[in-house]
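*Asks:* Sequence first, predicted coordinates after that:
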Amino acid sequence: MKYGIIGASGRMGQEIARLFNKNGHQLVYRKDEKEVDASAEPEIMIDFSLASAFPETLSIIKEKSIPLIIGTTGLNKDNLTELHNLAAEVPVIQSFNFSIGINILSKLISQVNNYLDKSWDLEMTETHHRFKKDKPSGTALMLAELLKQPVEIHAKRLGSEFGEHKIEFASTGELISLKHRAYSREAFSRGVLLSAEAALELEPGFYSFQDILN
Ligand SMILES: NC(=O)C1=CN([C@@H]2O[C@H](COP(=O)(O)OP(=O)(O)OC[C@H]3O[C@@H](n4cnc5c(N)ncnc54)[C@H](OP(=O)(O)O)[C@@H]3O)[C@@H](O)[C@H]2O)C=CC1
Ligand SMILES: O=C(O)C1=N[C@H](C(=O)O)C[C@H](O)C1
């Protein structure tokens, strides 16, 4: 397929281009903060840029009227509402984490939730590379929303860490610890590839990555 990337020169943009090109797809549209490079009209658009780019992304998708896969974090509730409105016109697949593992972890957290009461303490830690611009991670915020009670999120920025999320549940007598760690950005680009290939067959609507995996 012919695809476009908003945030093409970024860490994720480069990883997505590597995996998509390996799978025979053609990158025909690249946008970064100051540059656009287009050789043909893309069939789908992928956005891994920055929250500050969101208004531009919205107008690009409205103008091109093609499916959007968006992984950019730091989006607020108004941004997500605008994505839902856009989904009336085109398929929108949105996730703060396109790794299969985090989607498994989400299901485990939801199950653990069912057994916990106020006598259990919860703590969450997310660890990312030193260049990450937002804090806490979008994944941590997404996981926190699955929990019945509020949880403090500790954010660590260390070296080249690709992304680790740990949730600990403790009573006065025992501890449960659930952790996911990405070993490379391919953990995310694989999910983006699955979503992009599915997007071409979807009706307009708002889809999570979980919807694509189901
Ligand atoms: N959902 C998921 O699975 C994952 C999500 N992410 C998220 O993806 C985003 C990108 O991460 P990462 O690649 O590490 O970040 P980088 O900082 O490496 O890349 C950001 C990219 O966005 C570009 N950009 C900045 N402003 C604009 C704009 N106005 N229009 C178009 N492009 C713009 C930058 O271009 P320039 O260089 O010109 O400034 C750069 O290419 C982050 O929000 C991160 O949290 C990351 C990994 C997985
Ligand atoms: O910036 C990153 O690298 C990542 N960001 C996402 C987030 O904010 O949750 C997903 C992943 O953890 C990597």
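*Replies:* Right, received. Where do you want to start? Ligands and ions are numbered 1, 2, ... in the order given.

*Asks:* Quick one: end-to-end distance for stretch 172-186.
*Replies:* Distance across stretch 172-186, first residue to last, is 39 Å (Cα to Cα, to the nearest Å).

*Asks:* Pull out the buried positions in it.
*Replies:* L178, H180, A182, R185, E186 (16 or more other Cβ atoms under 10 Å). Placement of C-beta: from N, CA and C, glycine included.

*Asks:* Need the contact partners of it.
*Replies:* 11-12, 15, 19, 99, 101-102, 104-105, 108-109, 112, 119, 162-170, 188 (Cβ atoms under 8 Å, 6 or more residues apart in numbering).

*Asks:* Of these, which ones also sit close to ligand 2?
*Replies:* Applying Cβ under 6 Å from any ligand atom, the subset of the contacts of stretch 172-186 adjacent to ligand 2 comprises G163.

*Asks:* For ChimeraX, write a command that selects the buried ones of the contacts of stretch 172-186.
*Replies:* Selection of buried members from the contacts of stretch 172-186 for ChimeraX, criterion 16+ other Cβ under 10 Å:
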select :12,15,19,99,101,102,105,109,112,162,163,164,165,166,167,168,169,188
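
*Asks:* Of the contacts of stretch 172-186, which belong to helices?
*Replies:* Using DSSP state H, the subset of these located in helices is R11, M12, E15, L19, G101, I102, I104, L105, L108, I109, V112, F188.

*Asks:* Adding distance to R30, write those residues out as TSV.
*Replies:* Below are these laid out as TSV (distance: Cβ to Cβ, whole Å):
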residue	distance to R30
R11	15
M12	13
E15	14
L19	16
G101	29
I102	27
I104	32
L105	32
L108	37
I109	36
V112	42
F188	19
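
*Asks:* Surely S9 and K31 touch.
*Replies:* No. Look at S9 against K31 with Cβ atoms under 8 Å: they stay out of range, at 9.4 Å.

*Asks:* show me where the protein has strands.
*Replies:* 2-6, 26-31, 36-38, 44-47, 68-70, 91-94, 121-128, 152-157, 164-170, 175-181, 205-208 (DSSP state E).

*Asks:* of all these, which lies closest to T81?
*Replies:* strand 205-208 (10.4 Å; Cβ to Cβ).
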